[in-house]
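J.: Provide a 3D model corresponding to the input given below.
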Amino acid sequence: MKLYYTHILALALTPVCSFQIAGTRPGAIRGFHDHDGIVSTRNDFSPRKHSELSASSTLSSQTSRPIGATDVEIVGNVVYLLPHNAKDVESKFGSSSPYGNPSIMEACEQLQRKANWFSDGVIKADIILLPENEQDFNSIKEAVVNADALIALNISSENDLNFLRDVFGTRKSLGRKNICQYALDCEGDLKPLCASYDLESPSLGTMIPWSDDASSKRMEGQMTGLFDRWTADDFTFSLMLFFNQFSGSSIDWVKYSIDATWEKGAVQNAGELINMVTKCGDCITECVQDEQCKECLDALTAVDTRDQVASYRTLVSYESELLRNFSFCILQKNNIFNCEAKIPEFPKVTPMQTFRGKPLTSEVARGILVGHLDDEIALEDSERTDISWKVAAGANVAYDQFPSQNQIFYESVNKKAMWYDPVFRVETIDGRNVWCKRHYRVRDGKVPGTFRFSVLDNGVTSDESWTIIDVADDLSHIVFHYAGAARAVGQRYLGGLLCTADGSLPSESERGPIYEKLRSCGIDPWELFEVDNRDDTPGAIDAGPAPLDFFRKDVLQKKQEAKN
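T.: Prediction:
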């Protein structure tokens, strides 16, 4: 259930003969974007060793770099500026979580960790608390002024706001074109600054779409939109986009783009387009001539395909065989955009070691996956239903918010591997309710409780590492962590799931230890999104019965034939 970005450049291909190679600019071609680019050629940041970034006593930098990383060169730093009583100030994060809204301090501690993980340790994030006494402001001013990215949150007192106004003004006067500053959920009306774009006094250069000013303006708009979602993933993703474009160094998490952008330039855009037409002309023609396939491409032109939230919902709204063929040829088979991605290594997670008082084995771990499915390897206390687990809550902002999420795990015919069939309901962007399904191959990992998942999803292969973090002895709940990558689109992602037999959340009294297990694998409980698994909602009724046995019925038939 992962994102595979099939919004390529196909809309530009409908009238292929109208494409002007010489002198053509993105934006003049239908389907080209004004999004930020892949990698900036600017080199305004000076790489610094981690130890060169000093911190005052008010800084929190508990996750300076991924464990195991050595000699990491810091290419940029973020400062989260908070009020002195940040532990007592409720944030806007966690609004969809059963945990509720964390304090702004708790939220920023997780943002700090995620900046470290998403950047592989090359972005340093610090938390600075404003002193309670005004006379102590100078003790933090240098660190705040010199930050590459300054994010002020929940500032409300007049003294604090006066200091923030002074800092914002000082930073502007430096004339640096590689910094940004935002005041989020603060009193007053402090306008953002993003690279060379100043919202208070925009230059005429913003009207020239290929200029640095226009590029900075596009980035400011994209960052603001991501911040407004108030999720840890979107916040961190926003900052990774900024540093990827303006630090002079690429950030692997976001450096690949399959969009045509002003930042790429006409030569690269044209080369990619020609390569697509040459290698996948038939697939492209068939897709753009089909109403549903073409409608999907039209919808995807409005988003940056690196934005997993917007893109994945659009993609699953218009799934079709033509779309799969289109993306398989362009992305998976020919890798037109020369993307690369590896499964994230951080945070490091450890599987549960024992189950029901005994060391966990690979055989038992398989039975745990099978869960409550009526299957020959189901464990004692399995309810033996038509599903293994239902997702009660998930932590990935793009993939774990869908309603009615069913998980079905079962062994392959030869028992050498397993299959995983997630079946989930999608509320499409045009108002329909449809069922989506995937068919993953599952292999045992080297350590019991770890698994390797792979799937061809909408034409693109995804590779994932799953870990069983915790499971109740009576199978009343299970906690998964996953990390994955889709190489052909340069995509990496992290997530976690809390699942139960019927998709309802464990009782309040049971959640404390579960939350601690989630924290052990890098997931704060306020990041969870509660899944709506009700069967009597208008959307569930509209979708009809879930195709739970779509893939499994063939496997069961083959198993029966093998027995005979």
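J.: which parts of the stretch 51-200 of the chain are strands?
T.: 59-60, 73-74, 76-82, 123-129, 149-153, 180-184, 193-194, 197-198 (DSSP state E, counting those that start in this stretch).
J.: do the same with the stretch 351-500 of the chain
T.: 354-355, 358-359, 389-394, 406-411, 418-427, 433-437, 440-444, 450-457, 460-471, 477-486, 491-500.
J.: can you name the element that comes right after the last one?
T.: Heading C-terminal from strand 491-500, the first helix or strand you meet, by DSSP states H and E, is helix 508-520.
J.: can you tell me what sits against that next one?
T.: The contact list for helix 508-520, computed with Cβ atoms under 8 Å, 6 or more residues apart in numbering, reads 98-99, 349-350, 395, 469-470, 477, 479, 496, 498, 505-506, 524-525, 528. Heads up, the C-betas are built off the backbone N, CA and C, glycines and all.
J.: please name every helix or strand in contact with the helix or strand following that helix.
T.: Remark: after helix 508-520, the chain's next helix or strand is strand 529-530, criterion DSSP H and E. Packing partners of strand 529-530 (3 or more Cβ pairs under 8 Å, 6 or more residues apart in numbering; DSSP states H and E): strand 389-394.
J.: quick one, the strand it packs on and strand 477-486 angle?
T.: Relative orientation of strand 389-394 versus strand 477-486 (axes from the mean of the first three to the mean of the last three Cα atoms, to 10 degrees): 80 degrees.
J.: sheet-wise, list the partners of strand 389-394 with their directions.
T.: strand 406-411 (antiparallel), strand 491-500 (antiparallel), strand 529-530 (antiparallel) (DSSP bridges).
J.: so is Leu225 in a helix, a strand, or just coil?
T.: Check again: residue 225 is Gly, not Leu. Here Gly225 is helix, with the state taken from DSSP: H, G, I helix; E, B strand; the rest coil.
J.: is it possible to get CSV of the strands of the stretch 51-200 of the chain that adds mean neighbour count and mean pLDDT?
T.: CSV is the format used below for the strands of the stretch 51-200 of the chain (neighbours: other Cβ atoms under 10 Å; pLDDT from 0 to 100):
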stretch, mean neighbour count, mean pLDDT
strand 59-60, 17, 37
strand 73-74, 18, 92
strand 76-82, 26, 98
strand 123-129, 25, 98
strand 149-153, 25, 98
strand 180-184, 22, 98
strand 193-194, 23, 95
strand 197-198, 22, 86
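J.: ok, which of those comes nearest Arg492?
T.: The closest of the strands of the stretch 51-200 of the chain to Arg492 is strand 123-129. By Cβ to Cβ, the value is 14.9 Å.
J.: chain center to that closest one: distance?
T.: 21 Å (Cα atoms, centre = their mean, to the nearest Å).
J.: which strands and helices sit next to that strand?
T.: Strand 123-129 packs on strand 59-60, strand 76-82, helix 104-118, helix 138-145, helix 232-246, going by 3+ Cβ pairs under 8 Å, 6+ apart.
J.: could I get those as a markdown table with distance to Glu272?
T.: As requested, those are arranged in a markdown table below (distance: least, Cβ to Cβ, whole Å):
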| stretch | distance to Glu272 |
| --- | --- |
| strand 59-60 | 43 |
| strand 76-82 | 28 |
| helix 104-118 | 26 |
| helix 138-145 | 41 |
| helix 232-246 | 19 |
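J.: out of those, nearest to Asn533?
T.: helix 232-246 (22.5 Å).
J.: so for the closest one, mean pLDDT?
T.: In this model, helix 232-246 has an average pLDDT of 96.
J.: and stretch 446-465, by the same measure?
T.: Mean predicted confidence for stretch 446-465 is 95.
J.: what of stretch 91-111?
T.: Stretch 91-111 comes out at a mean pLDDT of 97.
J.: and that stretch, what's buried?
T.: Residues of stretch 91-111 classed as buried: 91-94, 97-99, 101-111 (neighbour count, 16 or more other Cβ atoms under 10 Å).
J.: likewise for stretch 442-454?
T.: For stretch 442-454, a neighbour-count test (16+ other Cβ under 10 Å) marks Val442, Asp444, Gly445, Pro448, Gly449, Thr450, Phe451, Arg452, Phe453 as buried.
J.: out of those, which is nearest to Ser412?
T.: Checking the buried residues of stretch 442-454 one by one against Ser412 (Cβ to Cβ), the nearest turns out to be Val442, at 8.7 Å.
J.: so how far is Phe355 from the closest one?
T.: For Val442, the distance to Phe355 equals 18 Å [Cβ to Cβ, to the nearest Å].
J.: ok so, going back, quick one: closest of the strands of the stretch 351-500 of the chain to Lys177.
T.: Comparing the strands of the stretch 351-500 of the chain by Cβ to Cβ, strand 491-500 comes nearest, at 28.4 Å.
J.: can you pull the contacts of Trp117?
T.: Going by Cβ under 8 Å, 6+ apart, Trp117 touches Pro66, Pro344, Phe346, Pro347, Leu494, Gly522.
J.: point out the least confident one among those residues.
T.: Scoring the contacts of Trp117 by pLDDT puts Pro66 last, at 56.
J.: just how off-centre is stretch 410-429 within its chain?
T.: Centre-to-centre, stretch 410-429 and its host chain are 22 Å apart (Cα atoms, centre = their mean).
J.: burial count for Gly512?
T.: 10 (other Cβ atoms under 10 Å).
J.: test my guess that Arg113 contacts Gly522.
T.: Yes. Counting by Cβ atoms under 8 Å, Arg113 does reach Gly522; the two are 6.8 Å apart.
J.: which residues do those two both contact?
T.: With Cβ under 8 Å, 6+ apart as the test, Arg113 and Gly522 both reach Pro347.
J.: for the protein, name the helix or strand with the lowest mean pLDDT.
T.: Between all helices and strands in the chain, the lowest mean by mean pLDDT, DSSP states H and E belongs to strand 48-49, at a mean of 34.
J.: circling back to that earlier point, quickly name whichever of the buried residues of stretch 442-454 is closest to Gln292.
T.: Among the buried residues of stretch 442-454, and counting by Cβ to Cβ, the member closest to Gln292 is Phe453, at 28.4 Å.
J.: kind regards, and thank you for your time.
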